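Student: This is a predicted model, with the sequence first.
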Amino acid sequence: MSLSIRNQLPGTVTDIAAGDAMASVRVTVEAGELTAAITRDAADDLALSPGIPVVALIKATEVSLATP
């Protein structure tokens, strides 16, 4: 499969919290941890659970930071 997304981080699912419509998936990657908000259907289709290897595909046009 060919992807145009250049930011690809291999990692492992460490936690998943699924609600009725959305799921929060925590992934450990080489540089640390990230959390992805995806649909519940996507999490089910991918059969995500702790310990599953994944590749985080990151495509963003903007990153915003704020200080407290």
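Tutor: Looks like it came in fine.
Student: got the residue ranges for the helices in this structure?
Tutor: 40-45 (DSSP state H).
Student: the strands in it, which residues?
Tutor: Taking DSSP state E to define them, one finds strands in the chain at 7-18, 22-29, 32-39, 53-58.
Student: Could you say which of those strands is packed most deeply?
Tutor: The highest average neighbour count among the strands of the chain, using mean count of other CB atoms under 10 Å, belongs to strand 22-29 at a mean of 17. Yep, even glycine has a C-beta here, placed from its N, CA and C like the rest.
Student: so where's the protein uncertain?
Tutor: 1 (pLDDT under 70).
Student: could I get the strands of the chain as a markdown table with distance to residue 45?
Tutor: Compiled in a markdown table, those are given as follows (distance: least, CB to CB, whole Å):
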| stretch | distance to residue 45 |
| --- | --- |
| strand 7-18 | 12 |
| strand 22-29 | 11 |
| strand 32-39 | 9 |
| strand 53-58 | 13 |
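Student: Give me the distance between the nearest residue to residue 11 once chain neighbours are set aside and residue 12.
Tutor: Nearest residue to residue 11 in three dimensions, chain neighbours excluded: residue 29, at 3.8 Å (CB to CB, 6 or more residues apart in numbering). According to CB to CB, to the nearest Å, residue 29 and residue 12 sit 8 Å apart.
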